[in-house]
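1. let's see this in three dimensions:
(one chain, ligands or ions: 1)
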Amino acid sequence: MEARIEVGILGATGMVGQHFIKFLQGHPWFDLKWLGASDRSAGKRYSDACTWHLGVAPEAISAMTVEESKPGNAPRLLFSAMDASVATDIERAFAQAGHVVVSNSKNHRMERDVPLLIPEINPDHLKLIPGQQRARGWKGQIATNPNCATISLCMGLAPLRAFGITKIIVTTLQAISGAGYPGVPSMDINANVIPYIGGEEEKMEQETQKILGDFRGDHIDPLAARVSAHCNRVPVVDGHTVTVSVEFSSKPSLADVRNAFDRFTSVPQQRKLPSAPATPIIYMPQQDRPQPRKDAERERGMAAFVGRLRPCPALDYKFVALTHNTIRGAAGAAVLNAELMHSEGMLD
Ligand code: NAP
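-> Predicted coordinates:
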């Protein structure tokens, strides 16, 4: 039997950290052995250091002691869900010390030599890592996953790249869990829509171009498409919906686009990575789907649900896409990234 791989979590006491813990339970390759957080939590039993929000906390994890977020006795592979105000320096210190940091934080995503990965879309962007290690003198490395709403958009666009994407207009309907815990005050979000999420539109526009861009030796050439994002917080608990209009340089028929959604599969499915959904894009023909409450948690929260494909009078076609923001948009995304890295021999 293949040796199991010990893993740790930076930011283990936070909302995304808890999703990492839950998602890693029973993982066939990864054994969770180390939990890191701030000095406020270090030295405490995990159950005393954090308030668990995801049902019943796993007993073995509750009894573990939270560690300081400093290189020392942590396993080589670390998932990071740290507060963005501290992630830059701490993630770099671990990479410098030889750790493989698979991060969910925004801090390093747009750096030229850091992969911003969605394994179904750009597994070849992992080829940035050797250059990253050379340039920074690191034995370790940092790879990142995108912003949670960007994942919804990019999963929806992934099957359509062959048609030559030239313009994208996207409007998001983002769940409150995307703002962490306790997140948006209930008096602000109940029966309401907040048409502003700080920094989100810029992140979606830039990250999408990088994710759908081409690997060019030591950097990624961004997709030369214009991307315009409108980001909204809505009273949904889990699941980010995006409505997308897209223009192509070729002029595919509606049937071509629909076939592309139906047929899409990629490296994680071919390699049968443990967290990969069997069907990464599930096209829903019903006219009122996908919906976050009915669909986001299906397929362990790892698939993208797409529907309502139709002609767009302004661009070429329009559709709806949905992914689970704290699973496919955060913890599950990073775990799938690490599985891809393992399948490439990068964790040996
Ligand atoms: P959170 O609940 O506020 O958790 C933050 C974590 O960072 C806690 O474990 C906290 O530990 C730790 N931390 C804070 N200061 C620290 C320090 N000085 N040294 C070491 N650790 C420190 O935040 P979250 O919602 O889980 O988000 C975590 C990250 O994921 C953020 O960068 C966020 O932007 C990103 N993200 C979130 C979502 C989402 O859906 N929520 C989605 C995608 C990405 P203590 O408990 O000890 O303070």
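
2. how about the strands of the stretch 1-150 of the chain, start to end?
-> 5-10, 30-37, 67-68, 77-80, 100-103, 141-144 (DSSP state E, counting those that start in this stretch).

3. give me the number of residues near the closest residue to the ligand within the stretch 1-150 of the chain?
-> Proximity to the ligand, evaluated over the stretch 1-150 of the chain using CB to the nearest ligand atom, is greatest for residue 14 at 2.0 Å. Backbone N, C-alpha and C define where each C-beta goes, glycine included. By the criterion of other CB atoms under 10 Å, residue 14 has 20 neighbours.

4. do residue 340 as well
-> Neighbours of residue 340 (other CB under 10 Å): 25.

5. going forward, count from 31.
-> Taking 31 as the first residue, the last one we looked at is residue 370.

6. Three-state assignment for it, please.
-> Secondary structure, DSSP: H, G, I helix; E, B strand; the rest coil: residue 370 is helix.

7. might you report the residue contacts of it?
-> Taking CB atoms under 8 Å, 6 or more residues apart in numbering, we find residue 370 in contact with 147, 149, 153, 156, 297, 298, 301, 303.

8. first to last residue in stretch 346-357, what's the distance?
-> The first residue of stretch 346-357 is 31 Å away from its last residue (CA to CA, to the nearest Å).

9. which non-adjacent residue is nearest residue 245?
-> Leaving out its chain neighbours, the residue that sits closest to residue 245 by CB to CB, 6 or more residues apart in numbering is residue 154, at 5.0 Å.

10. the stretch 31-180 of the chain: helices as residue ranges?
-> Shown for the stretch 31-180 of the chain, the helices assigned by DSSP state H, counting those that start in this stretch span residues 45-54, 76-79, 89-92, 114-126, 159-166, 178-187.

11. what parts of this structure come near the ligand?
-> When proximity is defined by CB under 6 Å from any ligand atom, the chain lies next to the ligand at 41-47, 67-68, 70-71, 80, 99, 111-114, 116-117, 120, 134-136, 178, 207-208, 210-211, 355-356, 359-360.

12. now those residues: which count as buried?
-> 41-47, 67-68, 71, 80, 99, 111-112, 117, 120, 134-136, 178, 207-208, 355-356, 359-360 (16 or more other CB atoms under 10 Å).

13. pLDDT wise, what is the residue in the stretch 81-230 of the chain that the ligand sits nearest to at?
-> Of all residues in the stretch 81-230 of the chain, the one sitting closest to the ligand is residue 210 (2.8 Å; CB to the nearest ligand atom). At residue 210, the model reports a pLDDT of 90.

14. ok, and what's touching stretch 282-292?
-> Stretch 282-292 is contacted from outside by 189, 190, 192, 193, 311, 313, 336, 339, 340, 341, 346, 347, using CB under 8 Å, 6+ apart.

15. show me what counts as buried in that stretch.
-> For stretch 282-292, a neighbour-count test (16+ other CB under 10 Å) marks 282, 287, 288, 290, 291 as buried.

16. how about these in JSON lines, adding pLDDT and secondary structure?
-> Conversion of the buried residues of stretch 282-292 to JSON lines gives the following (pLDDT from 0 to 100; DSSP: H, G, I helix; E, B strand; the rest coil):
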{"residue": "282", "pLDDT": "98", "secondary structure": "coil"}
{"residue": "287", "pLDDT": "98", "secondary structure": "helix"}
{"residue": "288", "pLDDT": "98", "secondary structure": "helix"}
{"residue": "290", "pLDDT": "98", "secondary structure": "helix"}
{"residue": "291", "pLDDT": "98", "secondary structure": "helix"}
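
17. go through the residues you listed and name the one nearest the ligand.
-> Among the buried residues of stretch 282-292, and counting by CB to the nearest ligand atom, the member closest to the ligand is residue 291, at 24.9 Å.
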